[in-house]
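Peer 1: using only what follows, build the 3D model:
(one chain, ligands or ions: 2)
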Amino acid sequence: MIVLGIESSCDETSVAVIRDGVLASNLISSQDFHKLYGGVVPELSSRAHLERVLPLVKKALADNNLSVNDLDLIAATAGPGLIGALLVGFIFGKTLARTSGIPFVPVNHIEGHIFSGFLMDTKPDFPFLCLVVSGGHTMLILVESFTSMKILGTTIDDAAGEAFDKVAKMLNLPYPGGPSVQKAAMAGNPGAIDFPIARLSNEFDFSFSGVKTSVLRYIQKLESPPDQEMINNIAASFTASVTGALLNNVRKAIKKYKINTITLTGGVAANSHLREGFIRLGEKYGKKVVIPDFQFCGDNAAMIAFRGLSLHEAGEKFDPAYEPFPSFFSKYITG
Ligand code: KG4
Ligand code: ZN
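Peer 2: Numbering: from 1, shown residues only. Ligands and ions are numbered 1, 2, ... in the order given. From the prediction side, this is the model:
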């Protein structure tokens, strides 16, 4: 069984091949030029996907001595994401599948992240908890099977990665904000400033706009622009507050639900403070911890190919008229 996966929901064009259950290629072309604008420019993202998707597909096939006729399944991200960006990879994959007589599977990007742990040697055991933390999403999900999931909590305002990006801007740190804030935080004192963690009516929901505003107020009240030491302390204290909120909810869910594994994924899973806290939680409560390699945590097509394969193997069939969707939609996730 040879699966081609295509991801183009935001600023990574990615193409992957899974061959007989083994990942054979995971090519990722990041659109670094968005740095110049301090954020992703949708129109430029779509155009870059358009330029990059065909060369990447050709390379993935050539690297594995494959031709299109060897493919058994094509999976592409259908949403959520930037609609112009999604359309490029989706239409490319669907057209290739249609013209070659190969089954096509539309994949929900978040479901891709949720099952990215299966790309590792140590795989999650059902039922498991998954914390998805990226620039666009923050969700805590109870995963019962490949076709049954429940959202326990989600952000009511900013996504965790978005908060990192915005705080980086306030501190004049380069885009993308997450890695710059982490670098500053490593040299700072996480206990220097007490940035509050929001308490919400749903015990598993998240909110990061309050902590973001607290950081802004704190900077505005300073008599002079923050020096490096102050920047480091703000970054470390902000990181402690955000990761504290994320880990608190995971802890509550571990206590409430019978689960075997906890998994952490999405771009913010690259944060070492969060990773370490997550591993400690798993050890404390005797749960298996699966945190995918960096290449599978950020946006990538390996997770899309795997998710497409899992749906195909579950016997799922898709309407040929299926269209991409910019907002969150999944028939397998409730709540
Ligand atoms: O999953 P991803 O690559 O793309 C989206 O689907 O959003 O996540 C990107 C997000 C950005 O907000 C970026 O700032 C954040 O992940 N990020 C981090 C770190 N590395 C990336 N946030 C905190 N610490 C990091 N080390
Ligand atoms: Zn993502």
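Peer 1: how about the residues of the stretch 1-150 of the chain by ligand 1?
Peer 2: For the stretch 1-150 of the chain, the residues in contact with ligand 1 (Cβ under 6 Å from any ligand atom) are 10, 134, 135, 136. C-beta here means a position set from N, CA and C on the backbone, and glycine is covered the same way.
Peer 1: I'd say the first one and residue 161 touch.
Peer 2: No. With contacts counted by Cβ atoms under 8 Å, residue 10 stays clear of residue 161, the gap being 10.9 Å.
Peer 1: overlap of the contact sets of these two?
Peer 2: Here residue 10 and residue 161 share the contacting residues 135, 136, scored by Cβ atoms under 8 Å, 6 or more residues apart in numbering.
Peer 1: picking up where we left off before, and ligand 2, which of the residues of the stretch 1-150 of the chain next to ligand 1 contact it?
Peer 2: residue 134 (Cβ under 5 Å from the ion).
Peer 1: nearest to ligand 2 among the residues of the stretch 1-150 of the chain next to ligand 1?
Peer 2: Closest to ligand 2 out of these is residue 134 (4.2 Å), distances taken as Cβ to the ion.
Peer 1: how many neighbours does that closest one have?
Peer 2: By the measure other Cβ atoms under 10 Å, the count of residues near residue 134 is 24.
Peer 1: equivalent analysis for residue 21, please.
Peer 2: Neighbour tally, residue 21, other Cβ under 10 Å: 10.
Peer 1: spit out the contact partners of the closest residue to it other than its chain neighbours.
Peer 2: Counting by Cβ to Cβ, 6 or more residues apart in numbering, residue 21 lies nearest to residue 1, which is 7.4 Å off, once chain neighbours are set aside. The neighbours of residue 1, taking Cβ under 8 Å, 6+ apart as the test, are 18, 19, 20, 21, 72, 73, 309.
Peer 1: then residue 155?
Peer 2: Residue 155 sits in contact with 137, 138, 139, 205, 206, 207, 208, where contact means Cβ under 8 Å, 6+ apart.
Peer 1: if I look at it, how far off is ligand 1?
Peer 2: Remark: distance between residue 155 and ligand 1 (Cβ to the nearest ligand atom, to the nearest Å) = 12 Å.
Peer 1: partners of that residue in the sheet?
Peer 2: residue 206 (DSSP bridges).
Peer 1: hang on, isn't residue 137 packed against residue 110?
Peer 2: Yes. Between residue 137 and residue 110 there is a contact under Cβ under 8 Å: 6.1 Å.
Peer 1: neighbour count for those two, which is higher?
Peer 2: The residue with more neighbours, out of residue 137 and residue 110, is residue 110; 27 against 21, by other Cβ under 10 Å.
Peer 1: what does the helix or strand hosting the more buried one rub up against?
Peer 2: Assigned by DSSP states H and E, residue 110 falls within helix 109-114. The set of residues external to helix 109-114 that reach it, using Cβ under 8 Å, 6+ apart, is 7, 9, 77-81, 130, 132, 134, 137, 139, 141, 143, 149, 263, 265-266, 299, 303-304, 306-307, 328, 330, 332-333.
Peer 1: within range of ligand 2, give me the residues from the protein.
Peer 2: Residues of the chain lying near ligand 2 (Cβ under 5 Å from the ion): 134, 299.
Peer 1: mind listing the helices for the chain?
Peer 2: 42-63, 83-100, 109-114, 160-170, 177-186, 209-221, 228-256, 272-285, 294-297, 302-313 (DSSP state H).
Peer 1: from ligand 1, how far out is residue 129?
Peer 2: Counting by Cβ to the nearest ligand atom, the separation of residue 129 from ligand 1 is 18 Å.
Peer 1: that residue contacts residue 260, doesn't it?
Peer 2: No. Here residue 129 does not reach residue 260: they are 9.4 Å apart, not a contact under Cβ under 8 Å.
Peer 1: neighbour count winner among the two?
Peer 2: Set residue 129 next to residue 260 and count neighbours by other Cβ under 10 Å: residue 129 wins out with 24 against 13.
Peer 1: so residue 296 touches residue 265, yeah?
Peer 2: Yes. Under the contact definition of Cβ under 8 Å, residue 296 touches residue 265, with a separation of 7.4 Å.
Peer 1: shared neighbours of the two, anything?
Peer 2: Between them, residue 296 and residue 265 share the contacting residues residue 116, judged by Cβ under 8 Å, 6+ apart.
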